[in-house]
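[1] kindly return the folded structure for what I paste below:
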Amino acid sequence: MKLITGVYQPDSGVMKLNGKPFRVHNPNDAYAKGIAIIFQETSLFPDLTILENIFMGHELRKPLIGKLKFASYLDYPAMRAKAGEIFERLGMEVDLDARISQLSVASKQMVEIAKALSFDSRILILDEPTAALTSKEVDTLFATIKKLKDQGVSMLYISHRLDEIFVIADRVTVIRDGEYVQTEDVSKVTRDQLVSWMVGRTLNNLYAKEEAEIGGVVFEARGMCQEGVIENVDLTLRSGEILGISGLAGAGRTELALLLCGLSRADSGEILIDGKRVRIRNFQTAMEHGIYYISEDRQKYGLVVPMTIKENITLPLLHRISGALGLINARKEREISGTYIDSLAIKTPGADFIVNNLSGGNQQKVSVAKALATAPRILILDEPTRGVDVGAKSEIHHIISSLAKSGKSIIMISSDLPEILGMSDRVLVMKNGVKQGELMRNELSQERILHMAL
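    A predicted model of the protein is given here:
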């Protein structure tokens, strides 16, 4: 997609627009040709208004005198009129003076779409647009996509969520490791075929849960409360166990995890490790007690993406790999990072590769490597496979399963019900910050979990 929109330049190959060969020199050139992309991570200015963001870089202007273009001012009435027409096309009413920082993730996506349409784009590329949306917000986005399709806009829709492909796409193309695999009408392909093309093999068992010996209780939380967020939640976790935490968006799953690892403060409740009460004052003390939390938002809270893989993996260990003068031991840094790059099969040219240039799946593996480098006993994984392709998903499941088999205790929060069903030994279901109940592996079904969650 970056080649199509001029972010990267191709070494070879031909692109055609309306049957005629063409080249795109940069993203502005792509916009001028009616091609726009909406990236997975929104690129809006949070302190500016919706109107200012939509026309950023291609503002409508009006000459001060006659037709003198060098002496002009911003034509706000014209921009408001055009923005109003765009949102009318989308069937939405918005306050054009609202700041981006005040908007939900879904609303920001709609502003990105409006921004693309302000260039009179006829080809729209959407990169994982639903990765951070709730199911209701996804429905709104799909309705918008349908409207644009009816208006003659062509769309390339990138997604790892296979169910979405069958809902909105006419044709599907699979690319694997930078190579074209297959194109087919959606009506002629099954989900299993699609998965097989994506990973290059048949995945009979996507959720690679290995049998692990489950031991005694390692971790216990009693009466965890945070006013208005979490209410009197108890949980236990055994060695070698994967405890799934399920619930709908807003159920309080992440908020509970933040309490357990010291990233937010509980109003009441206690935590016990090996039966002894401990005080988790902050994330540093959580790590000292062998607890590590891997955030659902790896780019914001998990990794420093402009830094290298080795720098990210060893970031929590600087006190261990530095000398008396605070100088980092480069040999130790390379040894530690190399160990986890190999053991987790992180696809990279080397330890000095910048994390931001990795795929989503490999970025997630770096997050896991960073956690494992601290030698934790208890891992809290928040949406461990969000925004990764089906092959990387399978690899991450293998890693989680092998960690449990080695005796690690794992709490896995996931919105993906098949993932919860496939990977958990036991599931705790939450709703509005309250624990609704627990289910053992032999009791698990989508219906039972949803019944509790609702």
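
[2] any chance you could map the strands in the stretch 51-200 of the chain?
    Applying DSSP state E, counting those that start in this stretch to the stretch 51-200 of the chain gives strands spanning 61-63, 72-74, 123-127, 154-158, 171-176, 179-185.

[3] generate CSV for those, with mean pLDDT, mean neighbour count and distance to Gly228 as supplementary columns.
    Heads up, the C-betas are built off the backbone N, CA and C, glycines and all. Output for the strands of the stretch 51-200 of the chain, formatted as CSV (pLDDT from 0 to 100; neighbours: other C-beta atoms under 10 Å; distance: least, C-beta to C-beta, whole Å):
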stretch, mean pLDDT, mean neighbour count, distance to Gly228
strand 61-63, 84, 13, 48
strand 72-74, 83, 13, 43
strand 123-127, 91, 20, 35
strand 154-158, 93, 15, 37
strand 171-176, 90, 15, 44
strand 179-185, 93, 11, 49
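
[4] relative to Ser268, which of those is closest?
    strand 123-127 (43.3 Å; C-beta to C-beta).

[5] what does that closest one contact?
    Identification of contacts with strand 123-127 by C-beta atoms under 8 Å, 6 or more residues apart in numbering yields 1, 4-5, 34-40, 113, 116-117, 145, 148, 153-158.

[6] give me the buried stretch members for the least confident helix or strand in the chain by mean pLDDT, please.
    Least confident element among the helices and strands of the chain, by mean pLDDT, DSSP states H and E: helix 191-199 (a mean of 78). Of the residues in helix 191-199, Leu194, Val195, Ser196, Trp197, Met198, Val199 count as buried by neighbour count, 16 or more other C-beta atoms under 10 Å.

[7] out of these, which is nearest to Val181?
    Closest to Val181, out of all of the buried residues of helix 191-199 and judged by C-beta to C-beta, is Trp197, at 4.9 Å.

[8] from Ile411, how far out is the closest one?
    Applying C-beta to C-beta, to the nearest Å, the value for Trp197 to Ile411 is 33 Å.

[9] report pLDDT for Ala131.
    Ala131 is assigned a predicted lDDT (pLDDT) of 68.

[10] returning to that earlier point: I'd like the buried residues of helix 191-199 as CSV, with distance to Val305 appended.
    Output for the buried residues of helix 191-199, formatted as CSV (distance: C-beta to C-beta, whole Å):
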residue, distance to Val305
Leu194, 29
Val195, 29
Ser196, 32
Trp197, 29
Met198, 25
Val199, 26
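
[11] roughly how far does Gly252 sit from Val233?
    8 Å.

[12] shared neighbours, these two?
    The contact sets of Gly252 and Val233 overlap at Met430, Gly433, Val434 (C-beta under 8 Å, 6+ apart).

[13] now do the contacts for His397.
    Leu206, Tyr207, Ala208, Lys209, Thr385, Glu419, Gly422, Met423.

[14] among those, who's most crowded?
    Met423 (26 neighbours; other C-beta atoms under 10 Å).

[15] quick one: that one and Glu241 touch, right?
    No: the criterion here is C-beta atoms under 8 Å, and Met423 misses it with Glu241 at 11.2 Å.

[16] any idea which of the strands of the stretch 51-200 of the chain gets closest to Pro349?
    strand 179-185 (18.0 Å).
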